[in-house]
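Engineer: Whatever this is, show me its structure:
(one chain, ligands or ions: 1)
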Amino acid sequence: MESVAHPSLDTPLIEHLTDLGQARQIALGCVRCDLAATRTQVVFGEGVPTARLMLVGEGPGAEEDRQGRPFVGRAGQLLDAAIAQAGLSRDQVYVTNVVRCRPVKVSDAHLENRPPRAGEIGACRVWMDAELRLVAPRALLCLGAVAAKALIDKDLRLLEARGQWLSGPRGIAALATLHPSYVLRQRDPEARDRARRMLVEDLSLAARALTPA
Ligand code: SF4
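Structural biologist: Have a look, this model is predicted:
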């Protein structure tokens, strides 16, 4: 989809959007933070527009930046497998990130991923709030400490907080779990298995949000 340049794009305009597709279309032209200068494209959330469960990660990586879709690289493949193990599928959920453009740093003349900065997360919050308002999920699963601190509690300690329902933005019930990239970074096979099991356990807990009350 082509981006739409919106030089007058401001917070009140975004706050009054009533259609997720329109929000996405406008977000594709967003230049609200410096990440606009280095991205290939904006990676807006995707999935069921009325999903009961929203998964929120940290930010797009190289493959996501290339394809314009969230969680399609190695971490996304691991997430898909964990979602399936928890008895869910990607077409039951909505998936997004706290920033919608890839944060990068230059290392040995190559671009590498880096965590988003507070100012970038703050600038992108208006899109996060638009997605929360328009999808209106019953539950949130924050993937990794960056998303959990941004959406649940800035002082949250991930390993202590995981497995418990907490209060997220707009009063939405929220869980925090490990980011799939963290699982992939574990070199020790046992540590990797343990981290992956935790991710599946937390996805299974979140899956209960899909059960009608
Ligand atoms: S990260 Fe968010 S706020 Fe920054 S340019 Fe991309 S879409 Fe806009």
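
Engineer: can you list contacts of stretch 150-158?
Structural biologist: 56, 98, 121, 125, 128, 140, 142, 144-145, 148-149, 161, 166-169, 174, 176-178 (CB atoms under 8 Å, 6 or more residues apart in numbering). Backbone N, C-alpha and C define where each C-beta goes, glycine included.

Engineer: Give the buried residues for that stretch.
Structural biologist: 150-152, 156, 158 (16 or more other CB atoms under 10 Å).

Engineer: and what of stretch 127-139?
Structural biologist: Within stretch 127-139, judged by 16+ other CB under 10 Å, the buried ones are 127-128, 130-135, 137-139.

Engineer: Which ones among these also lie next to the ligand?
Structural biologist: Applying CB under 6 Å from any ligand atom to the buried residues of stretch 127-139, one finds that Trp127 fall near the ligand.

Engineer: one step back: out of the buried residues of stretch 150-158, which are inside helices?
Structural biologist: Among these, DSSP state H puts 150-151, 158 in helices.

Engineer: for the residues you listed, which one is nearest the ligand?
Structural biologist: Among those, Ala150 lies closest to the ligand (CB to the nearest ligand atom), at 12.4 Å.

Engineer: Spell out which residues of this protein are next to the ligand.
Structural biologist: So far as CB under 6 Å from any ligand atom goes, the chain lies against the ligand at 27, 30-33, 35-36, 42, 99-101, 120, 123-124, 127.

Engineer: Which of the residues you listed fall in strands?
Structural biologist: Taking DSSP state E, every one of the residues of the chain next to the ligand sits outside strands.

Engineer: And the residues you listed, which of them are buried?
Structural biologist: By 16+ other CB under 10 Å, these give 27, 30-33, 35, 42, 99-101, 120, 123-124, 127 as buried.

Engineer: Name the nearest residue to Arg74, sequence neighbours excluded.
Structural biologist: Leu184 (6.0 Å; CB to CB, 6 or more residues apart in numbering).

Engineer: count of neighbours near Ser181?
Structural biologist: 19 (other CB atoms under 10 Å).

Engineer: Tell me which helix or strand in the protein has the weakest average pLDDT.
Structural biologist: helix 11-15 (a mean of 79; mean pLDDT, DSSP states H and E).

Engineer: Show me which residues of that helix are buried.
Structural biologist: So helix 11-15, judged by 16+ other CB under 10 Å, has buried residues Ile14.

Engineer: Report the distance from it to the chain centre.
Structural biologist: 21 Å (CA atoms, centre = their mean, to the nearest Å).

Engineer: what packs against that helix?
Structural biologist: helix 20-27, helix 118-135 (3 or more CB pairs under 8 Å, 6 or more residues apart in numbering; DSSP states H and E).

Engineer: For the ones you listed, could you give me a markdown table that also reports distance to Met198 and mean pLDDT?
Structural biologist: Below are those laid out as a markdown table (distance: least, CB to CB, whole Å; pLDDT from 0 to 100):
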| stretch | distance to Met198 | mean pLDDT |
| --- | --- | --- |
| helix 20-27 | 31 | 95 |
| helix 118-135 | 24 | 97 |
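
Engineer: How much space separates Trp165 from Leu140?
Structural biologist: 10 Å (CB to CB, to the nearest Å).

Engineer: the more surrounded of those two?
Structural biologist: Taking neighbours as other CB under 10 Å, Trp165 and Leu140 compare with Leu140 leading, 26 against 13.
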